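Q: Sequence first, predicted model second:
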Amino acid sequence: MTETIATTPGLFPLPDWAKTRLGRLKGHQKHDLIDGSESAEVLETYEQARGEVIDAQRDAGVDRIVEGQLRWDDMLAHPLTINPAVETGGIVRYYDNNNFYRHPTVTEVPEPTGDIAADLTRAAQLAPTQSLQAVLPGPITLADLSTDACVNDTVEFHHVLAELLAGELADAPHIETLYLLEPSLVTTPPEEDLCVELAELYATVAAATDAEVVVHSYFGALAEQTHVYLVDADVAGMGVDIVADDREQTIYNAGEYGMADVMALGITDGQNTLVESAGTLVERVAWVFDQLPTADPTRLYPSTNTEPFYLPVSKHRQKLAAVAEAAAEVTEVGI
């Protein structure tokens, strides 16, 4: 029987009080963004906010707790923009929306900073009895959001970043699940010379942890070639976007080429303030399995389709609760 685990891809919206306080403490300009050298007051504000979002996840009933990634001013580019081997350039658009990040240029091979592990350790201390989930950009996405000025070779650069991500997990506390967020697999499909590297790239990161690794793509369906190579990469879990308009292509890919043994489904819109009911989310899960009658994953992770920092805090928390309620209903009735 499939185990259903309510979760989230992380990157939460900051509580309003924290935004106000951090605006006063940090400012709002490019040079005020997080770079790993924050004052004690700034760090304490983030710590209070982290405690609040962990409590919110507990209250919502999700099964995997994330630390929230509240310090990630540069969204999925964060592991690079805080790294001393990187120069941050101008502000550029973050995918096809109205958010912006500092574009990182990697000027030398980056070493792990310990930043990710430190935040995960703080989360573990705040939620000692909860199952913890780590969130990182995948190497395809991290490379897509940055510029290589260190090795000047596309394939090698991706391996450099995979090693960096693995290194950032080295001192992390125990985690049950690792979500590797890979929207660029959809928005900038890798050429075949990079597709053939997917297995090794994800194996490098996965080797750094005992956690179950889920490669989660969103902003639409994967190209067929990308889907095939991701299945062949033999990752533990694959996540797909069931909210996107081209979800029929996702279903076609899964039916034609298969899926990983663990399936993650983005079933509620992380960018739209409309709060779908738990019943609607259950219907979306049922639709997937109606279309894929032979699918029998060992675990199913329902969540928002994208990172939810686009949402007001209140709407996000309602969506978290709806995902948790839907997961409980799916567990009760089966799929």
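A: Cool, got the structure. Numbers count the residues shown, from 1 in each chain.
Q: can you pull the contacts of Ala170?
A: 112, 117, 208 (C-beta atoms under 8 Å, 6 or more residues apart in numbering). C-beta: built from backbone N, CA, C; applies to glycine.
Q: Looking at the residues you listed, which are in helices?
A: Secondary structure assignment by DSSP state H places Ala117 of those in helices.
Q: Pipe the contacts of Ala170 into TSV and attach neighbour count and pLDDT per row.
A: As requested, the contacts of Ala170 are arranged in TSV below (neighbours: other C-beta atoms under 10 Å; pLDDT from 0 to 100):
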residue	neighbour count	pLDDT
Pro112	19	98
Ala117	18	98
Ala208	19	97
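Q: ok, so of the contacts of Ala170, who is nearest Leu11?
A: Ala117 (17.6 Å; C-beta to C-beta).
Q: Would you mind measuring from that closest one to Thr8?
A: Per C-beta to C-beta, to the nearest Å, Ala117 is found 20 Å from Thr8.
Q: now do Gln249
A: 24 Å.
Q: Quote the end-to-end distance of stretch 192-205.
A: 21 Å (C-alpha to C-alpha, to the nearest Å).
Q: ok, now stretch 228-241?
A: Start-to-end, stretch 228-241 (C-alpha to C-alpha) is 16 Å.
Q: in that stretch, what's buried?
A: For stretch 228-241, a neighbour-count test (16 or more other C-beta atoms under 10 Å) marks 228-231, 233, 235-241 as buried.
Q: Where helices are concerned, which of those count?
A: Among those, the residues falling in helices (DSSP H) are 228-231.
Q: where does the stretch 101-250 of the chain dip in pLDDT?
A: Under the criterion of pLDDT under 70, none of the stretch 101-250 of the chain is flagged as low confidence.
Q: Strands along that one, start to end?
A: 133-137, 147-148, 177-181, 212-216, 237-241 (DSSP state E, counting those that start in this stretch).
Q: Just the residues contacting the second one, thanks.
A: The contact list for strand 147-148, computed with C-beta under 8 Å, 6+ apart, reads 103-106, 154, 157.
Q: ok, which pair from those is furthest apart?
A: Pairwise distances across the contacts of strand 147-148 (C-beta to C-beta) peak at 17.2 Å, for the pair His103 and Thr154.
Q: picking up where we left off before, and the ones in helices among the buried residues of stretch 228-241 as TSV, adding distance to Leu194?
A: Putting these into TSV (distance: C-beta to C-beta, whole Å) gives the following:
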residue	distance to Leu194
Val228	14
Tyr229	9
Leu230	12
Val231	16
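Q: who's more crowded, His103 and Thr154?
A: Between His103 and Thr154, counting by other C-beta atoms under 10 Å, His103 is the more crowded of the two (19 against 14).
Q: The more buried one: what's it in contact with?
A: Shown here is His103, whose contacts under the criterion C-beta under 8 Å, 6+ apart are 77, 88-92, 145-147.
Q: Could you save those as TSV and add columns showing neighbour count and distance to His216?
A: Shown next, in TSV, are those (neighbours: other C-beta atoms under 10 Å; distance: C-beta to C-beta, whole Å):
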residue	neighbour count	distance to His216
Ala77	24	17
Thr88	21	26
Gly89	13	27
Gly90	8	28
Ile91	14	26
Val92	11	23
Leu145	24	16
Ser146	22	20
Thr147	16	24
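Q: Quickly name whichever of those is closest to Asn305.
A: Of all these, the one with the least separation from Asn305 (C-beta to C-beta) is Leu145, at 18.9 Å.
Q: And for Ala143, the neighbour number?
A: Using other C-beta under 10 Å, Ala143 has 26 neighbouring residues.
Q: Same question for Pro189.
A: If you count neighbours by other C-beta under 10 Å, Pro189 ends up with 17.
Q: swap in Ala207?
A: One way to gauge burial is a neighbour count; for Ala207, by other C-beta under 10 Å, it gives 12.
Q: Skipping its backbone neighbours, what lies nearest it in space?
A: By the measure of C-beta to C-beta, 6 or more residues apart in numbering, the closest residue to Ala207 outside its immediate chain neighbours is Ala166, 6.6 Å from it.
Q: I'm done for today, thanks for sticking with me.
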